[in-house]
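K.L.:
attaching a predicted model along with its sequence, questions to come.
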Amino acid sequence: MPRIIDGDKMNLIGANVRKYRKQRKMSQQLLSNKLETLAVYICRGSISRIEDMSRTVTDIEIWGLAKILNVSIEELFEGVDE
């Protein structure tokens, strides 16, 4: 299936995921483990790729990340360059 994203960045929320994860003193592995409790399966390596914006993020993954990081979905997109 072709991707519709042009350029190097594959998502818009990676920097904020990293910021909120670190604010909560959470490792990538712990974030992955907590997501699993919501039936959102993102391995530690994929979280790394989300944070460096080299991986796309699905809507259910965005929902899970917001829930576990205790932020709104809108907050994950704050400061995103348009």
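P.N.:
Nice, I can see it.
K.L.:
run a quick neighbour tally on the closest residue to residue 70 other than its chain neighbours.
P.N.:
The shortest distance from residue 70 to any non-neighbouring residue, by CB to CB, 6 or more residues apart in numbering, is to residue 24 (7.6 Å). (Each C-beta comes from the backbone N, C-alpha and C, glycine too.) One way to gauge burial is a neighbour count; for residue 24, by other CB atoms under 10 Å, it gives 13.
K.L.:
wait, residue 24 sits on residue 34?
P.N.:
No - in this structure, residue 24 sits apart from residue 34 without contact. The criterion is CB atoms under 8 Å, and the distance is 10.1 Å.
K.L.:
dump the strand or helix carrying residue 15 to CSV, keeping only the CA atoms.
P.N.:
When secondary structure is defined using DSSP states H and E, the element that contains residue 15 is helix 14-23. What follows is helix 14-23 as a C-alpha-only set of coordinates in CSV (Å, rounded to 0.1, in the frame of the first residue of the first chain):
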residue,chain,number,x,y,z
GLY,A,14,6.8,12.0,17.8
ALA,A,15,8.6,14.9,19.6
ASN,A,16,5.6,15.4,21.9
VAL,A,17,5.4,11.7,22.7
ARG,A,18,9.0,11.8,23.7
LYS,A,19,8.5,15.0,25.8
TYR,A,20,5.5,13.7,27.7
ARG,A,21,7.1,10.2,28.2
LYS,A,22,10.2,11.8,29.7
GLN,A,23,8.2,14.2,31.8
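K.L.:
and the contacts of it?
P.N.:
Residues lying outside helix 14-23 but in contact with it, judged by CB atoms under 8 Å, 6 or more residues apart in numbering, are 28, 31, 47, 50-53, 65, 69, 71, 75-80.
K.L.:
hmm, try it at 7 Å
P.N.:
The set of residues external to helix 14-23 that reach it, using CB atoms under 7 Å, 6 or more residues apart in numbering, is 31, 50-53, 65, 69, 71, 76, 78.
K.L.:
are any of the residues you listed buried, and if so which?
P.N.:
Burial by neighbour count, 16 or more other CB atoms under 10 Å: within the contacts of helix 14-23 this picks out 31, 50-51, 53, 65, 69, 71, 76.
K.L.:
make JSON lines from those and add pLDDT and distance to residue 42 to it.
P.N.:
JSON lines is the format used below for these (pLDDT from 0 to 100; distance: CB to CB, whole Å):
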{"residue": "31", "pLDDT": "98", "distance to residue 42": "8"}
{"residue": "50", "pLDDT": "98", "distance to residue 42": "7"}
{"residue": "51", "pLDDT": "98", "distance to residue 42": "11"}
{"residue": "53", "pLDDT": "96", "distance to residue 42": "15"}
{"residue": "65", "pLDDT": "98", "distance to residue 42": "8"}
{"residue": "69", "pLDDT": "98", "distance to residue 42": "12"}
{"residue": "71", "pLDDT": "98", "distance to residue 42": "16"}
{"residue": "76", "pLDDT": "98", "distance to residue 42": "14"}
